[in-house]
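Colleague: Sharing a sequence plus its predicted fold:
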Number of protein chains: 2
Amino acid sequence: MILIRPEEIDVDNRCRLDGTRARHIRKVLKAEAGKQLRIGMLDGPMGSGEVLQVDGDTVTLQCTFAPDPPAYPCVDLLLALPRPKVMKRLWAQLAALGVGRIVLLRADKVERFYFDSHVLDPDFYSGLLIEGLQQARCTHLPEVLVRPLFKPFVEDELDSLVNGQLKLLADPSGDQRLGDLVSGAGDAERVVLAIGPEGGWTPYELELLQEHGFELFSLGKRMLRTDTATVGLLAILHEMLSRSGV
Amino acid sequence: MILIRPEEIDVDNRCRLDGTRARHIRKVLKAEAGKQLRIGMLDGPMGSGEVLQVDGDTVTLQCTFAPDPPAYPCVDLLLALPRPKVMKRLWAQLAALGVGRIVLLRADKVERFYFDSHVLDPDFYSGLLIEGLQQARCTHLPEVLVRPLFKPFVEDELDSLVNGQLKLLADPSGDQRLGDLVSGAGDAERVVLAIGPEGGWTPYELELLQEHGFELFSLGKRMLRTDTATVGLLAILHEMLSRSGV
């Protein structure tokens, strides 16, 4: 799927692309005039684009969009920032699985220098997020917040960000099961999932998050790498929420 | 957790380690005589090892094991071999999530040269599987089968390998939900999950697998990368099976 920004579409629903997307259309999809391509409007509806013209490096599409955008992802993520190498691997997968908002948070067992990494530069991660959306055929670009101070974020900002959501806190010390928490959530329409660093949350961090309404659960006895745990938990939540109709 | 092979343990339950594990114990865990370490016997029980002696590059442990090994993973995987780069990323995650047997299979949309890659060399992947087991604190080393011919494998070998298991086939064309198939499975104690290549199974492949008892399901509308889909599906299955008591 080719993602198009709203401002790239003119009043006649035409769109001229160059750069990476035009090259992909020409070289990989080998599209010529008349061919229909699967497109999506960033943060908007899916649709199809008829190739009107391929002119040098430029491709012109006539766009038609569905009346409604796809459902907004029902899960937000509060993630203790993993090592840059792991975070780099995660960006596209988070967008593909579907996350509304990603908060990358400092925790005691997160090295401070991770926050200086280029993987947190919007120019770096936007491309990966869009790659994930195009792969998954979805249009909702996750909002990204970076918060290098744990306590001020939790005490001053968190409550208003996750107001009314089911708040879940993954930690091996949890003795509740995810399914029981989700099915007992009643009318909460959105979920926020907090995932700690490789070394785990500290008792203080667990306590503070629980004071702010987060419920502790564990996925079982296995200790998983941050990226494995994050992908696994998002997949489980999406599957549970689509079944429970939340 | 430090994994130890049964043949490395002597009649007095002592074990002398050198190489990577001894270095890890000395440099990362900074263990001295008297310290208790978490250990596991490969394909056997978990336990603890008391450091008896650190002598140059060698560490000697006195091992004590639990009476029973941890539960054997209840999921087997039939995976159309992904690109070597993706497969390399998957090995440790598969072992950490828990898989009994991994069959890496040719499919129409799998390039033949993938099977020549060093990522299928047991000397290469064993280390990654053990890394995943140690991280997850589990002892069951997945059995790995590599099958570069789809039709002979499915027609001649598959039935006996997956006899009595719930057989699940992931494909975007599926209209059943995973949860319904799992909860309707009755007394099947083990599950085999088939995951196709990035380009999807062909209609012929889908049909042949269904003739051999596989039931088609889809995870939703999102198209996921092989590694994201595999990690997500294994996490979902483990969560569902632990809840349903299968």
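Modeller: Nice, I can see it. Residues are numbered from 1 along each chain as shown, chains lettered A, B, ... in the order given.
Colleague: Just the strands from chain A, written as ranges.
Modeller: Using DSSP state E, the strands found in chain A span residues A:2-4, A:14-17, A:36-41, A:46-55, A:58-65, A:75-80, A:101-105, A:143-147, A:166-170, A:191-195, A:215-217.
Colleague: Report the buried residues of the fifth one.
Modeller: When neighbours are counted by 16 or more other C-beta atoms under 10 Å in any protein chain shown, the buried residues of strand A:58-65 are found to be A:59-61, A:63, A:65. All C-beta atoms are positioned from the backbone trio N, CA, C, and that covers glycine.
Colleague: can you check the fourth one too?
Modeller: Using 16+ other C-beta under 10 Å as the test for burial, strand A:46-55 gives A:46-47, A:49-51, A:54.
Colleague: which among the buried residues of strand A:58-65 gets closest to chain B?
Modeller: A:F65 (16.6 Å; C-beta to the nearest C-beta).
Colleague: Isn't the closest one up against A:P45?
Modeller: Yes - proximity of A:F65 to A:P45 meets the contact threshold set by C-beta atoms under 8 Å, at 4.4 Å.
Colleague: So which other helices or strands are in contact with the helix ranked longest in chain A?
Modeller: When chain A is parsed with DSSP state H, its longest helix is helix A:226-244. Secondary-structure packing of helix A:226-244 (3 or more C-beta pairs under 8 Å, 6 or more residues apart in numbering or on different chains; DSSP states H and E): strand A:75-80, helix A:84-97, strand A:166-170, helix A:178-183, strand A:191-195, helix B:84-97, helix B:178-183, helix B:226-244.
Colleague: From the contact counts, what lies against the fifth one?
Modeller: For strand A:191-195, the packing partners by 3+ C-beta pairs under 8 Å, 6+ apart come out as strand A:75-80, strand A:166-170, helix A:226-244.
Colleague: Just give me the neighbour total for A:D159.
Modeller: A:D159 has 12 neighbouring residues, counting by other C-beta atoms under 10 Å in any protein chain shown.
Colleague: ok so, going back, mind putting the strands of chain A in a markdown table, distance to B:E239 and mean pLDDT included?
Modeller: Output for the strands of chain A, formatted as a markdown table (distance: least, C-beta to C-beta, whole Å; pLDDT from 0 to 100):
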| stretch | distance to B:E239 | mean pLDDT |
| --- | --- | --- |
| strand A:2-4 | 32 | 95 |
| strand A:14-17 | 41 | 96 |
| strand A:36-41 | 30 | 96 |
| strand A:46-55 | 30 | 95 |
| strand A:58-65 | 36 | 96 |
| strand A:75-80 | 15 | 98 |
| strand A:101-105 | 22 | 98 |
| strand A:143-147 | 27 | 98 |
| strand A:166-170 | 12 | 96 |
| strand A:191-195 | 14 | 97 |
| strand A:215-217 | 11 | 96 |
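Colleague: which bits of chain A sit near chain B?
Modeller: The interface of chain A toward chain B, taken as C-beta under 8 Å from any C-beta of the partner chain, is made up of A:70, A:89, A:92-93, A:96-98, A:135-138, A:177-179, A:219-225, A:228, A:231-236, A:238-239, A:242-243.
Colleague: Can I get stretch A:208-224 in CSV, CA atoms only?
Modeller: Listed next in CSV are the C-alpha coordinates belonging to stretch A:208-224 (Å, rounded to 0.1, in the frame of the first residue of the first chain):
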residue,chain,number,x,y,z
LEU,A,208,3.8,4.5,41.5
LEU,A,209,2.2,3.2,38.3
GLN,A,210,-0.3,1.1,40.4
GLU,A,211,-1.2,4.2,42.4
HIS,A,212,-2.1,5.8,39.0
GLY,A,213,-4.5,3.0,38.2
PHE,A,214,-2.3,0.4,36.4
GLU,A,215,-3.1,-3.2,37.1
LEU,A,216,-0.3,-5.7,37.3
PHE,A,217,-0.3,-8.9,35.2
SER,A,218,2.2,-11.4,34.0
LEU,A,219,2.4,-13.4,30.8
GLY,A,220,3.8,-16.5,32.4
LYS,A,221,7.1,-17.7,33.7
ARG,A,222,9.2,-17.0,30.6
MET,A,223,11.4,-13.9,30.6
LEU,A,224,11.2,-12.3,27.2
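Colleague: Please name the residues that touch A:L224.
Modeller: A:232, B:96-97, B:135-136 (C-beta atoms under 8 Å, 6 or more residues apart in numbering or on different chains).
Colleague: 7 Å instead?
Modeller: A:L224 sits next to A:232, B:96, B:136 when contact means C-beta atoms under 7 Å, 6 or more residues apart in numbering or on different chains.
Colleague: Then A:Y204?
Modeller: Listed by C-beta under 7 Å, 6+ apart, A:Y204 has no contact partners.
Colleague: Can you check what pLDDT the model gives it?
Modeller: Predicted confidence (pLDDT) at A:Y204: the value is 97.
Colleague: Equivalent analysis for A:F214, please.
Modeller: A:F214 carries a pLDDT value of 97.
Colleague: what's the answer for the one 4 residues further on, then?
Modeller: A:S218 is assigned 91 on the pLDDT scale.
Colleague: Show me the contact partners of the lowest-mean-pLDDT helix or strand in chain A.
Modeller: Lowest on mean pLDDT, DSSP states H and E among the helices and strands of chain A sits helix A:178-183, with a mean of 87. With contact meaning C-beta under 7 Å, 6+ apart, helix A:178-183 is reached by A:168, A:215, A:217, A:219, A:236, A:240-241, A:244, B:239, B:243.
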